[in-house]
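Engineer: Kindly generate the corresponding structure for this input.
(4 chains)
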Protein chains: 4
Amino acid sequence: MLKVGVVGATGYAGEEVIKILINHKDVKIAELQAVIDKEEPISSIFPGFKGKIDLVCKKPDPDGMARNVDLVFLGLPHKVSMELAPVFLKAGKAVIDLSADYRLQPDVYKVWYGVEHKDKDNLPKAVYGLPELYHDAIKSAKLIANPGCYPTSVILGIAPMLKEKAISTDYIIADSKSGATGAGRKPDLALAFSEVNENLKAYKVNEHQHKPEITRILSEVAGKAIDVIFTPHLIPMNRGILSTIYLKLNKKLDTKAVVEIYKKFYKGKPFVRISDEGKLPQTKDVVLTNYCDIGLKVTGDTVIVVSCIDNLTKGAAGQAVQNMNIMCGFDETEALK
Amino acid sequence: MLKVGVVGATGYAGEEVIKILINHKDVKIAELQAVIDKEEPISSIFPGFKGKIDLVCKKPDPDGMARNVDLVFLGLPHKVSMELAPVFLKAGKAVIDLSADYRLQPDVYKVWYGVEHKDKDNLPKAVYGLPELYHDAIKSAKLIANPGCYPTSVILGIAPMLKEKAISTDYIIADSKSGATGAGRKPDLALAFSEVNENLKAYKVNEHQHKPEITRILSEVAGKAIDVIFTPHLIPMNRGILSTIYLKLNKKLDTKAVVEIYKKFYKGKPFVRISDEGKLPQTKDVVLTNYCDIGLKVTGDTVIVVSCIDNLTKGAAGQAVQNMNIMCGFDETEALK
Amino acid sequence: MLKVGVVGATGYAGEEVIKILINHKDVKIAELQAVIDKEEPISSIFPGFKGKIDLVCKKPDPDGMARNVDLVFLGLPHKVSMELAPVFLKAGKAVIDLSADYRLQPDVYKVWYGVEHKDKDNLPKAVYGLPELYHDAIKSAKLIANPGCYPTSVILGIAPMLKEKAISTDYIIADSKSGATGAGRKPDLALAFSEVNENLKAYKVNEHQHKPEITRILSEVAGKAIDVIFTPHLIPMNRGILSTIYLKLNKKLDTKAVVEIYKKFYKGKPFVRISDEGKLPQTKDVVLTNYCDIGLKVTGDTVIVVSCIDNLTKGAAGQAVQNMNIMCGFDETEALK
Amino acid sequence: MLKVGVVGATGYAGEEVIKILINHKDVKIAELQAVIDKEEPISSIFPGFKGKIDLVCKKPDPDGMARNVDLVFLGLPHKVSMELAPVFLKAGKAVIDLSADYRLQPDVYKVWYGVEHKDKDNLPKAVYGLPELYHDAIKSAKLIANPGCYPTSVILGIAPMLKEKAISTDYIIADSKSGATGAGRKPDLALAFSEVNENLKAYKVNEHQHKPEITRILSEVAGKAIDVIFTPHLIPMNRGILSTIYLKLNKKLDTKAVVEIYKKFYKGKPFVRISDEGKLPQTKDVVLTNYCDIGLKVTGDTVIVVSCIDNLTKGAAGQAVQNMNIMCGFDETEALK
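Structural biologist: Here you go, the predicted model:
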């Protein structure tokens, strides 16, 4: 049994990691930590865990955790992860970081997060944990930069066409819509029920911190620098992301042909489902699952891609466990189906 | 034109007072104040006001406001109102306080709010601003304790039967359900969208601070001390309160007879509507109005009362304006229909 | 492997039964049927099933199903079940009926459902499938009347006090609140999003068809006829029921003592969790689980019980699978934890 | 006093027209009609109207209505309006049709609605009721084709840039999101609360019947044929449309310059508000108002336009009243501010 720890156990992603791992046959949750006022059973913080897990959630003590576990999930705010990850790595433990701290090059990180990166030693060794693109590297990784929720939905929706070199790389638009858990579990007036409910807004238009992550990975896929216009929107629902992506074909393809390209690209990938021609996915079909559902429609020389995930599962905790499964040689779908 | 000021203009109740007063033909909004970081037009804080009102919302300055206005609405947290109201009263200005600070006797206040009341001089002069019960006193009041949202729905739902002496006063149950704006506009994890949405809970069961307000007024109506079991619930919607009230008849009455009692009791009251026998109200019919809709059903010796209001209108800002209309001799329904 | 069939596979309860059985290690879903326009894979009707189950959902053919399965779940509207169940029972197959058709005595059924019962032969043999009360009878049953969602939450919330003979049986009030899936999956203006969202209403006050089910079972528990005042409310959320129940003590007990009574009563029952004194459950902690969470508070001589379930799991499909597990000698919690 | 009638008084748009007209100082609601089972007061159908309007809603009788009113609002399904409008027009009454029946040329109508147009006589005389573009024509119109909700938000968001000839007309993308009332008030499983809530989907991608309306009007504005890629999405909220529009500049302009173009274009138009540079609108600021709020952001050679309306007000009933005000020489904003 692999002994795992979760730091940031009281956030939505942390809660979700625990929820998934409870049902994992090869894993034992050995330690939970979070920034909390008093140490108490995780089942007091999330009463849904009563009768399922009784572990006490402790205050942060990375050294203590490093002694007790083989692998650590970091469900922490940006800028905090890079302070803790080195402790675990130095102790020879595997780390799956759900924050953005290991997803960007140091100079880009500084531009978007406003601070110098604090762990430039480990940063180059981090593997971007999107199994559909980086499966082999994940296998031998010790440090995983688990992808952001928006990037997961957008990158999986665009990569096949880029790889196929079937689209213009000049004008890619990703119009993304996310439920409110994507913003994390915290007191914030902008996230209050009465502010989010019965409202709809775009925010951080083309300035969201997930943009450089999207362009970095898509540039790697394309083999050249690529820009994406990225508009996130906040939707009055708890979970789910739907990205509507507009691509411009550089060759003549109909919907059927494009569907084939995607089906071929994701063949054998257990968590991507491509809708048949004429059908489109919706978020409720992926919520509480690790699936990314993708639907396609060609009109003229435009491909409209609709890509759906659960932001907390495939967009965070589920993908993190999928990465762990690959790193540890478990069945890739264990606890995720 | 009556010049009015609003302190606490950036809360939900304050916003609502402004929204109503914009359409009031006898009133000019002369000054807005709130605890804010920087002074800016109220239309920057609530963009919905753009093109309707351009007044700058200032930081609290009660003396300044007292010089500029004839009447002040206080949309402030409990314990703050009683520090400001005396300034306005001393300057001869009328005050309508939407907090709980002037609704209870000093000893009860101390028990429920944990502090000594700071304005015991004015407290006895405050009139409870429920026009359906205290119309005449409101007319000549200088200080209005504007009722709480839950109490408005509960008291209006019970008063006719108490007055009629038709129910046992031993066992009155009020099971109330409220939308999330009732808790105010503030950063608070318990009020976050992802916590409130798709969830339902009871809270402060029989310990809510609105309980002593309910029992105080109902005891006045009954002419003897009365207890009420009061259970509030948080509902995933923005606005609206529905109270389901269970009363025990002490004489034989059918639904038809009870409906008649209520219709007679509220005859001529412009903001209470009694459903015909066989019909029950729902919150959507009162939301964004100043109405209290009441439906009734007798089964055996139990009367089930369903009482609906909009917590921000009849339960706060609308009722406050209704009180102002009465105090100032305006049409009671001006700006409210 | 037990071969099971689901009739009514396209309703919310049917969908949920399938979702649970997919993960059941002792069961094979052998056949799905529903009233549909054309036969197609269940994964076309519920795209979330893609990659999980590919069975074609057929039009109703009870004889055909009877040949293929060992046990049948009937997720059908009231009045339809009693026409199909006899077919399966005659063929020696076990039946778990999620409708109300086998929950009441024939005379009461006629009063509440307006028609003569059509299967009076099997009706007396039906066992009420509430495992916390009827575990032994379920074990040897061939026909289960699976409890309604409201009755599950209300009966589990009251039974311990009745059994303890600690409450007056004269005045029991159950104020229940349910999410919208409780009303089933069907086109109905009253269930339209724009009608339910941002609204709150009581309906069928003390006239809901679940009332005689509640009183029948509670009368059995008490050993004498018992009435309950039952008010259902429709809440703008998908899943979850919270019942707030008001009981009158006939002896002096404090919250601590009452909590002990409940803990003792449900000792060893895997799906009931009693909140510690001072805590109350909320629906989000039971949604998507088979738990019934119960919290208690005594005030004067009143016990306030808060009882939460997921209406589609413990209130329907989960409880149905729990019953199957008991009938078939499987682990009672298989596929449910 | 202008006497008006509403046909289709029981739909969301019809209800909204009534709600607005109740407060209109120059108008008397003289007659209400709808396809209903029995004639009853409109306040029985919409209890929110109790105490405000007591008119009985009658079954359709166009001749009867034509005798009683000066102007008719048709809140009817597509294909029905074109059967009734001629009756009123022949009787010399003004008609404001909220359906799509008079918005398209007959050949395009046939393609999108699948039937031959039945009122080709009046069709060419219909004026497209978007006051910001067709104010003068509306003034003298007898038949108004009141714009669709999506088209209102999209056309107002694009027209200024087209008029300025500042964008490429080759690649215009409108990604629109709408609340559920946009689909009308009817029993429909796809619109059920449990289907729409906690879900997000695109639908009729580039095949929505509002597309030809958008391209027709924008082509008129541009003076040449224009295509728009139009993707509608269904959002779990009652009211509001937000359209995110992507335009490609054909000259160098920054956000400030583009904001100026929009402010100039809409100068003097009472219901369009342009956000200052750096700010973007959200639906809650326009819900229950007749405003269209537009925000702008330039990034590289792309203009991102965010255009918000209330689908039932500026997107239907409010705009219809605005048109009536213009046609009848009333203050354009009467009853709308």
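
Engineer: Report the mean confidence score over stretch A:43-52.
Structural biologist: The average of the pLDDT scores along stretch A:43-52 is 94.

Engineer: For that stretch, list every residue counted as buried.
Structural biologist: Buried positions in stretch A:43-52, judged by neighbour count with 16 or more other CB atoms under 10 Å in any protein chain shown: A:43, A:45-52. Every C-beta, even on glycine, is put in place using the N, C-alpha and C of the backbone.

Engineer: near chain C at all, that stretch?
Structural biologist: Yes: with CB under 8 Å from any CB of the partner chain as the criterion, chain C is reached by stretch A:43-52 at A:46-48, A:50-52.

Engineer: ok, that stretch near chain B or not?
Structural biologist: No: Stretch A:43-52 stays clear of chain B (CB under 8 Å from any CB), getting no nearer than 10.7 Å.

Engineer: Roughly how far does the residue in the stretch 201-337 of chain A positioned nearest to chain C sit from residue C:162?
Structural biologist: For the stretch 201-337 of chain A and chain C, the shortest gap (CB to the nearest CB) falls at residue A:285, measuring 4.1 Å. Counting by CB to CB, to the nearest Å, the gap from residue A:285 to residue C:162 is 43 Å.

Engineer: Repeat that for residue A:294.
Structural biologist: As judged by CB to CB, residue A:294 and residue C:162 stand 54 Å apart.

Engineer: These two: which is more packed in?
Structural biologist: The residue with more neighbours, out of residue A:294 and residue C:162, is residue A:294; 27 against 21, by other CB atoms under 10 Å in any protein chain shown.

Engineer: The helix or strand harbouring the more buried one packs against which elements?
Structural biologist: Assessed by DSSP states H and E, residue A:294 sits inside strand A:292-299. For strand A:292-299, the elements it packs on are helix A:149-163, helix A:255-265, strand A:272-274, strand A:302-309, judged by 3 or more CB pairs under 8 Å, 6 or more residues apart in numbering or on different chains; DSSP states H and E.

Engineer: still on that earlier bit, between the buried residues of stretch A:43-52, which is closest to residue A:119?
Structural biologist: Here the nearest of these to residue A:119, counting by CB to CB, is residue A:45; it sits at 28.9 Å.

Engineer: Please name the nearest non-neighbouring residue to that closest one.
Structural biologist: Distances taken as CB to CB, 6 or more residues apart in numbering or on different chains place residue A:10 nearest to residue A:45, at 5.6 Å, with adjacent residues excluded.

Engineer: isn't that neighbour right next to residue A:49, touching?
Structural biologist: No: the criterion here is CB atoms under 8 Å, and residue A:10 misses it with residue A:49 at 11.5 Å.

Engineer: Residue A:63: what secondary structure?
Structural biologist: Following DSSP: H, G, I helix; E, B strand; the rest coil, the label given to residue A:63 is helix.

Engineer: correct me, but it touches residue A:86?
Structural biologist: No: assessed by CB under 8 Å, residue A:63 is found out of contact with residue A:86, at 11.7 Å.

Engineer: residues touching the residue lying farthest from the centre of chain A, list them.
Structural biologist: In chain A, the greatest distance from the average C-alpha position (CA atoms, centre = their mean) is reached by residue A:252, at 32.9 Å. Going by CB atoms under 8 Å, 6 or more residues apart in numbering or on different chains, residue A:252 touches residue A:301.

Engineer: can you check the one 4 residues further on too?
Structural biologist: If a contact means CB under 8 Å, 6+ apart, then residue A:256 has residue A:277 as its contacts.

Engineer: how close does it get to residue A:298?
Structural biologist: Here residue A:256 is placed at a distance of 9 Å from residue A:298 (CB to CB).

Engineer: do residue A:207 as well
Structural biologist: Taken as CB to CB, the span from residue A:207 to residue A:298 is 30 Å.

Engineer: ok, the two, which is more surrounded?
Structural biologist: Ranked by neighbour count (other CB under 10 Å), residue A:207 and residue A:298 place residue A:298 first, with 20 against 13.

Engineer: wait, that one sits on residue A:258?
Structural biologist: Yes: contact criterion CB under 8 Å: residue A:298 and residue A:258 qualify, at 5.6 Å.

Engineer: one step back: how many neighbours does the residue nearest to residue A:45 have?
Structural biologist: By other CB under 10 Å, 19 other residues sit near residue A:10.

Engineer: which phi and psi does it have?
Structural biologist: With angles defined as degrees, to the nearest 10, residue A:10 sits at phi -100, psi 0.

Engineer: List the contacts of it.
Structural biologist: Here residue A:10 is in contact with A:34-36, A:42, A:45-46, A:57, A:185 (CB under 8 Å, 6+ apart).

Engineer: that older thread, output the helices and strands packed on strand A:292-299 in CSV, with distance to residue B:104 and mean pLDDT appended to each entry.
Structural biologist: Formatted as CSV, the helices and strands packed on strand A:292-299 follow (distance: least, CB to CB, whole Å; pLDDT from 0 to 100):
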stretch, distance to residue B:104, mean pLDDT
helix A:149-163, 48, 98
helix A:255-265, 66, 98
strand A:272-274, 60, 98
strand A:302-309, 52, 98
